[in-house]
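In: using only what follows, build the 3D model:
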Amino acid sequence: MNDTPKRSLLDRVGVAPWFGGHDPSTPVHLVLGLLLPMLLLAHNMWRVHWFTVDDAYISFRYAANLVAGHGLVYNPGEAIEGYTNFLWTLIVAAGLPLGIDAHVSSKVVGALAAMGTLAVTYRLSRRLQPYGAFPCVATWLLASSSTSATWAVFGLETGFFVFLILGLLQLGLMHHARVMAKYAAYKAVRAGSLNRGEKEVMEKAALAVLVPVLGRNSTAGAPSS
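Out: Residues are numbered from 1 along each chain as shown. Now for the predicted structure:
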C-alpha cells in the first residue's frame, strides 16, 4: 500500500514507463531536457544580473553618441572605431530612443539569447544523437555553466554571439543539399564575425568544425548514384 501513491504520482507526471525501463516520452524529454535547464539558467543569470562588466560601457557610450547625432564615436569629433561589436552596439542604440536604458536592453537581449541558445542546443543534440533512455545532457551542462550564465547578462554581446552561431548552424542542418548546408555554416561564421572582432580566428575555428559535420550530414542524405 505504501507504493500506491508513488505509482500514482509517476503516472501523473508521465515518467512511469521510464521507471519501468522504457524510453521516456517526448513530453518528458522536453521537460527534463529543456524546460528544467531553462529554469536553472534563468536562476543563475538572475543571481548575477546586477553586475555589468566595464568593457560594456564602451559600446554604451558609442550607442549614446550615435543616438545623440554625433555618429559612432566615443568622443564627439573623434572618428575612432573603438568598439568590436558593431551589431551589438546598434542593438543597444535602438533601445535608447524608446527610453530603454543600455543596461536593461543589453541584459534582457543577452538573457533571451542565452535561452535561445539552450533551445537550439536541445534541437541540435536531438538531431545529432536521437534521445533514448536518458534526457538531453548538453542543455544541463550549458545551463549549469557559470561562464554561459554570467556573460549572458554582463552587458556584452557574448550570449548573442553564441546564439547567432548555433542558430544559423541549426538552419544549415535543416537543408539536405550540400552546397546550401555549407553556405549556411559560412553565413553563421560571418554573422558571428559581424558581432565580434576576432573574425579570422572565429572563421577558421568554426569552419574547421562545422563544414565536415555539415558535409557528412549532406552526404548521408544525398541519393546514391
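In: I'd say residue 142 and residue 149 touch.
Out: No - between residue 142 and residue 149 there is no contact under CB atoms under 8 Å: 9.1 Å. C-beta here means a position set from N, CA and C on the backbone, and glycine is covered the same way.
In: neighbour count winner among the two?
Out: Shown here are residue 142 and residue 149; by other CB atoms under 10 Å, residue 149 has more neighbours (25 against 22).
In: isn't that one right up against residue 46?
Out: No - if you go by CB under 8 Å, residue 149 and residue 46 don't touch, sitting 9.1 Å apart.
In: what sits in contact with each of residue 142 and residue 149?
Out: residue 41 (CB atoms under 8 Å, 6 or more residues apart in numbering).
In: hey, which helix or strand in this protein has the poorest pLDDT?
Out: helix 3-13 (a mean of 49; mean pLDDT, DSSP states H and E).
In: quick check: next helix or strand after the longest helix anywhere in the chain?
Out: Longest helix of the chain, by residue count under DSSP state H: helix 102-128. Remark: after helix 102-128, the chain's next helix or strand is helix 138-143, criterion DSSP states H and E.
In: pLDDT on that following helix, on average?
Out: Per-residue pLDDT over helix 138-143 has a mean of 95.
In: now swap in stretch 111-120 and tell me
Out: The model assigns stretch 111-120 a mean pLDDT of 97.
In: list the buried residues of it.
Out: Using 16 or more other CB atoms under 10 Å as the test for burial, stretch 111-120 gives 111, 113, 114, 115, 116, 117, 118, 119, 120.
In: how close does residue 136 get to residue 167?
Out: Counting by CB to CB, to the nearest Å, the gap from residue 136 to residue 167 is 17 Å.
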